[in-house]
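Engineer: Provide a 3D model corresponding to the input given below.
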Amino acid sequence: MSLVLIGTCITSAASYGFTYLASLAEVSERTPDERARATAGLFVYAYFGFSLPVIACGVLADRFGLLVAMEVFAVV
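Structural biologist: Below you'll find the predicted structure:
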């Protein structure tokens, strides 16, 4: 069981890293004159995109239970 968890953690970290790297390269290529501004915007959107669903699931789990939160997350 612990090997599965370790493998999942490594895979998840790698995919987030590759996602950030690819999006950063794309933003940098499309806006060479406004690279700093575009990079800052990218990270703002990325942090909101990664954190808001987790926060929403936590609120749902507190109010309605874990199963309901997982079902809503899967549907959305």
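Engineer: CA only for contacts and neighbour counts going forward, please
Structural biologist: Noted.
Engineer: buried residues in stretch 13-20?
Structural biologist: Going by neighbour count (16 or more other CA atoms under 10 Å), nothing in stretch 13-20 comes out as buried.
Engineer: tell me the secondary structure of the closest residue to Arg35 other than its chain neighbours, please.
Structural biologist: Spatially, and ignoring its direct neighbours in sequence, Arg35 is nearest to Ser28 (5.6 Å; CA to CA, 6 or more residues apart in numbering). For Ser28, the assignment made with DSSP: H, G, I helix; E, B strand; the rest coil gives helix.
Engineer: how many other residues sit next to Ser28?
Structural biologist: 17 (other CA atoms under 10 Å).
Engineer: so, low pLDDT: which residues of this structure?
Structural biologist: Along the chain, segments meeting pLDDT under 70 span 1.
Engineer: quick one: what helix or strand has the spatially most central residue of it in it?
Structural biologist: Nearest to the geometric centre of the chain sits Phe50, at 3.1 Å (CA atoms, centre = their mean). Using DSSP states H and E, the element containing Phe50 is helix 35-64.
Engineer: buried residues of the helix or strand that comes right after that helix, list them for me.
Structural biologist: Using DSSP H and E, the helix or strand that follows helix 35-64 in sequence is helix 66-75. Buried residues in helix 66-75, counting neighbours by 16+ other CA under 10 Å, are found at Ala69.
Engineer: contact partners of helix 66-75?
Structural biologist: If you take CA atoms under 8 Å, 6 or more residues apart in numbering as the criterion, helix 66-75 is touched by Pro53, Cys57, Gly58, Leu60, Ala61.
Engineer: buried among those residues? Make that a ChimeraX selection.
Structural biologist: Per 16+ other CA under 10 Å, the buried members of these correspond to this ChimeraX selection:
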select :57,58,60
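Engineer: how about the contacts of helix 66-75 in CSV, adding distance to Tyr20?
Structural biologist: CSV is the format used below for the contacts of helix 66-75 (distance: CA to CA, whole Å):
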residue, distance to Tyr20
Pro53, 18
Cys57, 23
Gly58, 25
Leu60, 28
Ala61, 29
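Engineer: done for today, thanks.
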